[in-house]
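> Coordinates for the following, if possible.
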Amino acid sequence: MARPAFGVPAALTAHVRRRRFRHRYSPVSSLASVRGDPVSGWDDAFDVVVVGGGHAGCEAALAAARLGARILLLSMNIDRIAWQPCNPAIGGPAKSTLVHEVDALGGAIGAIADRTYLQRRVLNRSKGPAVWALRAQTDKREYSQEMIKMLHQYSHQITIREGMAHDLVVDREGKVQGITTFFGAKFQSRAVVLTTGTFLGGTIWVGAKSMPAGRAGELPSFGLTDTLRSLGLYTSRLKTGTPARVDSRTVDFSRMEPQPSDEDDHWFSFDPQNWVKRNTMACHITRTTSKTHALIRENLHLTPKYGGFMTSKGPRYCPSIEDKIVRFADRESHQIFIEPEGRSINELYIQGFSTGMPENIQIQMLQSLPGLEQCRMIRPAYSVDYDYLPATQLSRTLMTHNVEGLFLAGQVCGTTGYEEASAQGIVAGINAARFVAGQELVTFTREESFIGTLIDDICSKELDEPYRVLTSRSEYRLTLRPDNADQRLTPLGRQLGLVDDRRWEIYQAKQDRIGKELTRLHNVRIAESSPEGEAVLARSGAAIRTSATLAELIKRPQFHYQDLKDLGLDGDESLTLYDKEAVEVTIKYAGYLARQQDEIRKQRSVVDKEIPADVDYAAIHAMRAEARERLALERPLTIGDAAQLGGVNPADIAALLIHLKRPSATRLHLFEPADETRQGNARTQKEAASA
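Alright, predicted model coming up:
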C-alpha cells in the first residue's frame, strides 16, 4: 500500500516528538579506529545496517523495510536467524503484553508464535485482567524458518548477509557513515542498529572451564566493543544461562504431571490470518528432591558464581537452580518444567534447572529428578557472560547520545528475553528508518504502552542485573492490557506506515463490533419478574431490583459475559472470544479504568510543561549531580524532553517540578546565603521525596 504522509493526530502527539534541545552535544573527541576519515571503495550502500539476526534484529529490519528503507541484515550465522537459544517459548506475565503490542504495530513475533506453537496456556486467569498472560511453547526450528520466510517477503529491500561487524565508520562530526566487517567488507549507511545479543565479547562457562562464544557452538564478536569505547560509550558485563537438554526418549513421563494446552484458542496476533490451528504437545512438571539439593550444596564451589570464576550478575527473576537452593534454603522442593523444543526434535528443555555445574555433576542432578532417572543429557547447561552498553547512554528513541545514527536494541542494552528484544527492535527499526528519511523520531511513553515502560526503565535506571519486564513495573498496568494493545497502538502503526489496508480494516471492524455490543449491553434491560430476571437470581444468588441493564449485571463480581450466553442474552454471533473479553473488562473495571485515565491526563499535562531558559540547575541540590550536569548541558525545552535524557530519573524530574513551582526570585536566591543552604536543601529533598 502507499504509505500515508506523516502527520500526527492530536490523540497521538505524545508518541511522536522531536528531541528539542537548545544545546546540541559536541562531536565526540575520539572516533573509531577508522578515525572518521572517508572510506573509499564501499562494497555496497544501504539506508540502514542491522547488526545481528536475533529477535531484535529481525524486528528492526522488518520495521525499517516496511517504512521503505533498504536494509542490510548482517548475521554471524544466517542459519540461526531468530534462533531461540534458551527456552523456545513466547509470552508469559507482562511479556505477552509486549508481544501483543509489537503485533499491534505490525511486528512479527506474535504472528510467528501463532504459526509455530506446540502448547499454549493463558496464565493467571483466576486473577484480574491486568495480569492475564498468554504463553506459548514454540518449535524452535519452525520459528526460525518462519521468520526467514517473512524476511524473504521483503527481499527487494532486505539483504541478508553472513559476517561479523568489526568496526563503525564515523565522520568527524560524530555521525555514522557505515560499518566494516572482520574480513574487510565495507558497507555504507546513515544508520546502524546494533542487536548483538550475548555475542559482544561473549564467554561461556561450564563449571570452572570457559571458552569464547556468543552461545554454544558459535564464535563471539571481536573488536566492536573497543570501537564503541573509543566513541565515548562505556560498557559493562552481564550474564545469563541456559539449562541442559535431555533426550525425550529416555524420560518416563508417567511419573510427571502433564500440562496440556488450554481447550479454547487464544492468539498473540490480532490478525486472524496468522491463527493456524495445529495439534499440540503437552509439557510436564516434575520437582527437585532432597538428593538434588544435596548434590548442589556439596558442589557449589565448582560453579562459576560460587567458585568466584565469574563475577557478572545474572537475571534475578530467572535464577539458576543453585541460586534457588541458596536463596530459598528452607524449601524442600522446587517445581521443574519439562518442555519440548520441537515436533521433529527429541530434545527437552528443563525449565527452572539452569546451572553452572560441571557436566559430570549436571547429569547426576538431572537423574535425581522423578521421571529423569534414566535420562541421557544431549547438551550441557552453561552460563554466558557478555559485554553490554548501559541504556542510560541512549535516548528513548534508542539512538545513542554520543553517535548520531547509531541505535541499539536487545540484550546489548542490558535486557533479557525474546519479547524485550523484539519490542526494542521494532522501535529501533522505526526510528532508524525515520532518521534516514529526515523525519521526527518516535518515543513510546510509559503511560501508553509496556514498550514505553520497558524503554523508559532501561534508559533512566542503572542496571546491575539483566532487565526483565514485569507487570509490577507499570503503574498503568490495568490500562496496558494485552487485549487492548491494538486499540492503543494500531492507529499509531497505521499513521507511521507499518499497518497495511487489510490489517487496518480488521482493526476497524473489531472496534465497531465492540462499540455496538457495549451500546447494546448498556441499553437492554431485564425486569426482576421476567424469566431472565429469575434466572439471574438463581445463577448469582442476587436479585434484580425492579430492572437492570445487561451492563449492570456484568459489573457484578461473580457474573460474566458467558452467563449472558447461557441465559440467551448474548450479542451478535460475529463477536469473537477476544471481543467478548474486551467488552467484559471494559464494563467490569470501568471505574478503575476511568481513574487511571485521569492519572494519565495529569501526567501528559506535566510532560508538556515548559522549562524557563534561565533555570539554574546547579541550584537544585535535591537533584543528583549527574542529572544537574546533563540538564545544564542539554537545556531541554519541556519536562518531557528532560525526562528523555539519559541519567535523569523520575526523582530528578520531581525535584525539578518542585523547583519550578517556586517564584523566580525564590528560585534564584533559594540557596543563599551559605548558612541557609543546608536548610533549603533539606526542605527541597523532603518535598521531592513526598512527590
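> Give me the contacts around the helix or strand encompassing residue 96.
Here residue 96 sits within helix 95-104, counting by DSSP states H and E. Outside helix 95-104, the residues that touch it by Cβ atoms under 8 Å, 6 or more residues apart in numbering are 59, 90-91, 108-111, 113, 133-135, 268-271, 417, 419-420, 422-423, 426, 449-451, 454, 469, 471, 480-483, 485-486, 488-490, 493. Glycine gets a C-beta too; all of them are placed from N, C-alpha and C.
> how far does it sit from the chain's center?
Relative to its parent chain, helix 95-104 has a centroid offset of 8 Å by Cα atoms, centre = their mean, to the nearest Å.
> what do you get for stretch 619-627?
30 Å.
> If you count neighbours, what's buried in it?
619, 620, 621, 622, 623, 624, 627 (16 or more other Cβ atoms under 10 Å).
> same thing with stretch 376-386?
Across stretch 376-386, burial judged by 16+ other Cβ under 10 Å covers 377, 380, 381, 382, 383, 384, 385, 386.
> What about the residues you listed, which are in strands?
Using DSSP state E, the members of the buried residues of stretch 376-386 that fall in strands are 377, 382, 383, 384, 385, 386.
> Turn those into TSV, including pLDDT and distance to residue 182.
Output for those, formatted as TSV (pLDDT from 0 to 100; distance: Cβ to Cβ, whole Å):
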residue	pLDDT	distance to residue 182
377	98	34
382	95	24
383	92	26
384	93	20
385	92	22
386	95	18
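> with those residues in mind, which one is nearest to residue 661?
Residue 661 lies nearest to residue 386 out of these, by Cβ to Cβ, at 44.8 Å.
> contacting residues around the closest one?
With Cβ under 8 Å, 6+ apart, residue 386 has these contacts: 197-203, 214, 220, 237-239, 411.
> Just give me the closest of those residues to residue 532.
Using Cβ to Cβ, residue 411 is the member of the contacts of residue 386 that sits closest to residue 532, with 55.4 Å.
> tell me how far stretch 605-622 is from the chain's mean position?
31 Å.
> cool, stretch 409-427 as well?
6 Å.
> Need the CA coordinates for it. CSV is fine.
C-alpha atoms of stretch 409-427 as CSV (Å, rounded to 0.1, in the frame of the first residue of the first chain):
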residue,chain,number,x,y,z
ALA,A,409,18.3,-2.9,20.8
GLY,A,410,18.0,-6.1,22.8
GLN,A,411,20.4,-7.8,25.2
VAL,A,412,23.2,-5.3,24.2
CYS,A,413,21.1,-2.8,26.2
GLY,A,414,21.0,-5.0,29.3
THR,A,415,17.7,-6.7,28.9
THR,A,416,16.8,-10.4,28.8
GLY,A,417,14.2,-12.2,26.8
TYR,A,418,13.0,-12.6,23.2
GLU,A,419,10.0,-10.3,23.9
GLU,A,420,12.0,-7.5,25.4
ALA,A,421,14.4,-7.7,22.4
SER,A,422,11.6,-7.7,19.9
ALA,A,423,10.0,-4.6,21.5
GLN,A,424,13.2,-2.7,21.4
GLY,A,425,14.0,-4.0,17.9
ILE,A,426,10.8,-2.6,16.3
VAL,A,427,11.3,0.8,18.0
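> Buried ones in that stretch, by neighbour count?
The neighbour-count check on stretch 409-427 (16+ other Cβ under 10 Å) flags 409-427 as buried.
> what's whatever helix or strand residue 294 lives in packed up against?
Secondary structure from DSSP H and E places residue 294 in helix 290-298. The contact analysis (3 or more Cβ pairs under 8 Å, 6 or more residues apart in numbering; DSSP states H and E) places helix 290-298 against helix 321-327, helix 359-366.
> So which of these is nearest residue 83?
Nearest of the helices and strands packed on helix 290-298 (Cβ to Cβ): helix 359-366, 22.4 Å.
> hang on, the earlier thing: out of the ones in strands among the buried residues of stretch 376-386, the closest to residue 637 would be?
Distance to residue 637 across those (Cβ to Cβ) is lowest for residue 386, with 37.7 Å.
> For the closest one, give the beta-bridge partners.
residue 238 (DSSP bridges).
> which residue is nearest the middle of this structure?
Centroid check for the chain by Cα atoms, centre = their mean gives residue 420 as the closest residue, at 2.4 Å.
> now this structure, which segments are flagged as low pLDDT?
Residue ranges of the chain with pLDDT under 70: 1-39, 541, 646-647, 664-691.
> where's the most far-flung residue of it relative to its centre relative to residue 546, distance?
The C-alpha centroid of the chain is most remote from residue 529, which lies 51.8 Å away (Cα atoms, centre = their mean). In this view, residue 529 and residue 546 are 9 Å apart by Cβ to Cβ, to the nearest Å.
> Go ahead and confirm residue 233 touches residue 390.
No. Assessed by Cβ atoms under 8 Å, residue 233 is found out of contact with residue 390, at 9.0 Å.
> now the strands for the stretch 101-250 of the chain?
Ranges of strands in the stretch 101-250 of the chain, per DSSP state E, counting those that start in this stretch, are 117-123, 133-138, 158-162, 165-170, 176-181, 186-188, 191-194, 203-206, 209-212, 236-242, 245-247.
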